[in-house]
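> my questions are about this predicted structure, shown below with the sequence.
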Amino acid sequence: MKIVTWNINSVRLRAPMVVKLMREEAPDIICLQETKTMDEFFPRDVFEAEGYTHIHIAGMKSYNGVCILSKIPFTQTDIHSRVGKEDCRHVSVSLRSPSGSQVTYGGIPSGIQKLDIHNLYIPAGGDEPDRDINEKFGHKLDFINEMRDFFAANYTANDNVVTLGDFNIAPREHDVWSSKQLQKVVSHTPIEIEHLSNMADSIDWQDAVRHFVPDEEKCYSWWSYRNRDYTKSNRGRRLDHIWVTKPLISRLTSYRVLTEYRALEKPSDHVPVMIELA
DNA sequence: ATGGTTGGTTACCAA
């Protein structure tokens, strides 16, 4: 089972790039962030025509917006409001057998009876990393705390759960081009990293990409638009993540960060990140 | 310390 996360930065503008991803990589499940459109304008038919007939959307005008596109049917879908706002930053789906038998995949029992997927678009947090003068930063920290409590309240570390999305935090030294120069830059500050670490502790989340990529190796999923040539300076950050619970670790068979998508004509500033679960 | 670019909406906001 291939699962992708991608901040698409306007799903209407870049639906053709999603179709390219569908045709070339054939993921089973694609989770998008920053779709930036109301549900009535979501290009549902374009994706249905590619075989992604199970679509769960939470969109709004202009900002945010998340969705899950799937070849596999859902048994439950939820839209979660976070930090008292209906701002379309968290959707989830369940894949499970109502009879209690195993979820089948290609007609074959998977050995799993239940798998939940949570797609998150964590607030970017503004420019100033101080909640007393920047309420966006406070919103970001509160959002992460709420996710920590949500996971702790709804799951145990033995459940099969995936959470992924644009977390807007690059937590590790080699998730950024220069950890030293980004200490006070929102996305890499110690306070954000500590909050994200607490969220990870909730049900012992495991970083699926760092499962494959050594700690000392640079790994990025985002490059700013504010550079003439993103390849020259290569000042990237790993803002997009896929986490799995411990029972799924032994099923992880591969990962990919599709960096070539940053070089397309009119690209998103984020690239797709994919894992494969046996 | 500053400004650099993009998307959505449509006169700036968010990233």
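Happy to help now that I have it.

> only C-alpha atoms for contact and neighbour calcs from this point on.
Noted.

> what helices and strands are in contact with the host helix or strand of A:E194?
A:E194 belongs to helix A:190-201 when assigned by DSSP states H and E. If you count contacts as 3 or more C-alpha pairs under 8 Å, 6 or more residues apart in numbering; DSSP states H and E, helix A:190-201 packs onto helix A:135-154.

> output the contacting helices and strands for the helix it packs on.
helix A:190-201.

> so how far is the helix holding A:E194 from its chain's centroid?
16 Å (C-alpha atoms, centre = their mean, to the nearest Å).

> tell me the helix or strand right after that helix.
Sequence order places strand A:206-207 as the next helix or strand after helix A:190-201, per DSSP H and E.

> quick check: buried residues in the helix holding A:E194?
Using 16 or more other C-alpha atoms under 10 Å as the test for burial, helix A:190-201 gives A:192-193, A:195-200.

> same question, stretch A:49-68
Per 16+ other C-alpha under 10 Å, stretch A:49-68 contains these buried residues: A:51-60, A:63-68.

> anything in that stretch near DNA strand B?
Yes - judged by C-alpha under 7 Å from any atom of the strand, stretch A:49-68 and DNA strand B are in contact via A:61-63.

> quick one: mean pLDDT over the helix holding A:E194.
Averaged over helix A:190-201, pLDDT sits at 98.

> contacts for it, please.
For helix A:190-201, the external contacting residues (C-alpha atoms under 8 Å, 6 or more residues apart in numbering) are A:141, A:144-145, A:147-149, A:169-171, A:183, A:186, A:206.

> going through these, which ones are buried?
Using 16+ other C-alpha under 10 Å, the buried members of the contacts of helix A:190-201 are A:141, A:144-145, A:147-148, A:169-171, A:186, A:206.

> can you redo those residues as JSON lines with pLDDT and distance to DNA strand B?
Formatted as JSON lines, the buried ones among the contacts of helix A:190-201 follow (pLDDT from 0 to 100; distance: C-alpha to the nearest atom of the strand, whole Å):
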{"residue": "A:L141", "pLDDT": "97", "distance to DNA strand B": "13"}
{"residue": "A:I144", "pLDDT": "98", "distance to DNA strand B": "14"}
{"residue": "A:N145", "pLDDT": "98", "distance to DNA strand B": "17"}
{"residue": "A:M147", "pLDDT": "98", "distance to DNA strand B": "17"}
{"residue": "A:R148", "pLDDT": "98", "distance to DNA strand B": "20"}
{"residue": "A:I169", "pLDDT": "98", "distance to DNA strand B": "11"}
{"residue": "A:A170", "pLDDT": "98", "distance to DNA strand B": "13"}
{"residue": "A:P171", "pLDDT": "98", "distance to DNA strand B": "17"}
{"residue": "A:V186", "pLDDT": "97", "distance to DNA strand B": "10"}
{"residue": "A:Q206", "pLDDT": "98", "distance to DNA strand B": "24"}
